[in-house]
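> Attaching a predicted model along with its sequence, questions to come.
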Amino acid sequence: QKEVEQNSGPLSVPEGAIASLNCTYSDRGSQSFFWYRQYSGKSPELIMFIYSNGDKEDGRFTAQLNKASQYVSLLIRDSQPSDSATYLCAVRNAGNMLTFGGGTRLMVKP
Amino acid sequence: GAVVSQHPSRVICKSGTSVKIECRSLDFQATTMFWYRQFPKQSLMLMATSNEGSKATYEQGVEKDKFLINHASLTLSTLTVTSAHPEDSSFYICSADRGFGAFFGQGTRLTVV
């Protein structure tokens, strides 16, 4: 089992819809969780991080964390074609090691 | 603005030559930096962890004599691809951890001809 798992996609949503990206992790002692966005040919950029159970909102983005179920998700409201990218989930474990998932490719169709 | 700067962004070299890529942390000290490689349409692959003042830690399958890493200061790590071959052509990305997340350099697109 991989430490951080994501569906590779592509996840296709129409413009204006909510895109839901999911990530599961295996280390129950993980402390903090990050979402990165990577456009084709570019390096990843940090868009959100979350430490506590529940929701964290930042503009059109909402990160959701459920430590009991060991999953973290990213919701993108009012999806735009410019949101089309690969979204990487990263988890920092109890040993302070940051591990990345394989990423989910999101396609927002006009 | 960028917190990690990587240079060059693009390089083309001949087979058999060596290429050096620099990664600098801006405005903060990074005792640890990470080097990744990414092939087209594939995920990030961690190559090695660069430790300031000590030897780098390489992931399984990564040749340490081919990918030389030097982390001589708290703000600079370098990756040298020695005796490059066409199969080394890839996107190389460095990152430094600031505690509240890893920040990535702009990446270096290496093409070996």
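Cool, got the structure. Numbering: from 1, shown residues only, chains lettered A, B, ... in the order given.
> Might you report the residue contacts of the most centrally placed residue in chain B?
Against the mean C-alpha coordinate of chain B, by CA atoms, centre = their mean, the closest residue is B:W35 at 3.9 Å. With contacts defined as CB atoms under 8 Å, 6 or more residues apart in numbering or on different chains, the neighbours of B:W35 are B:23, B:46-50, B:67, B:69, B:77, B:79, B:92-94. Placement of C-beta: from N, CA and C, glycine included.
> and if we set it to 7 Å?
B:47-48, B:50, B:69, B:79, B:92, B:94 (CB atoms under 7 Å, 6 or more residues apart in numbering or on different chains).
> Point out where chain A drops to low pLDDT.
Along chain A, segments meeting pLDDT under 70 span A:1.
> for it, what spans make up the strands?
Here chain A has its strands, by DSSP state E, at A:4-5, A:11-14, A:19-25, A:32-38, A:45-50, A:54-58, A:61-66, A:71-76, A:85-92, A:98-100, A:104-109.
> Determine the set of other helices and strands touching the first one.
With contacts taken as 3 or more CB pairs under 7 Å, 6 or more residues apart in numbering or on different chains; DSSP states H and E, strand A:4-5 sits against strand A:19-25.
> Would you mind getting the angle between the strand it packs on and strand A:32-38?
130 degrees (axes from the mean of the first three to the mean of the last three CA atoms, to 10 degrees).
> Strand A:19-25 pairs with which strands, and in what direction?
Here strand A:19-25 is paired, per DSSP bridges, with strand A:4-5 (antiparallel), strand A:71-76 (antiparallel).
> any idea which of the ones you listed is most buried?
With neighbours defined as mean count of other CB atoms under 10 Å in any protein chain shown, the strands paired with strand A:19-25 peak in mean count at strand A:71-76, which reaches a mean of 21.
> Quick one: residues in contact with that strand.
With CB under 7 Å, 6+ apart as the test, strand A:71-76 has contacts from A:18-24, A:33, A:35, A:48, A:50, A:60-65, A:83, A:87, A:89.
> List only those of those flagged as buried.
Among the contacts of strand A:71-76, those classed as buried by 16 or more other CB atoms under 10 Å in any protein chain shown are A:19, A:21-24, A:33, A:35, A:48, A:50, A:61-65, A:83, A:87, A:89.
> Bridged to A:V91, which residues?
Here A:V91 sits in beta bridges with A:F33, A:T99, as judged by DSSP bridges.
> could you say which helix or strand contains the residue nearest to the centre of chain B?
strand B:32-38 (DSSP states H and E).
> now that strand: how far from the chain's centre is it?
How far strand B:32-38 lies from its chain's middle: 5 Å, per CA atoms, centre = their mean, to the nearest Å.
> What of stretch B:88-107?
Stretch B:88-107 sits 7 Å away from the centroid of its parent chain (CA atoms, centre = their mean).
> what's the neighbour count on A:V91?
Counted with other CB atoms under 10 Å in any protein chain shown, residues neighbouring A:V91 total 23.
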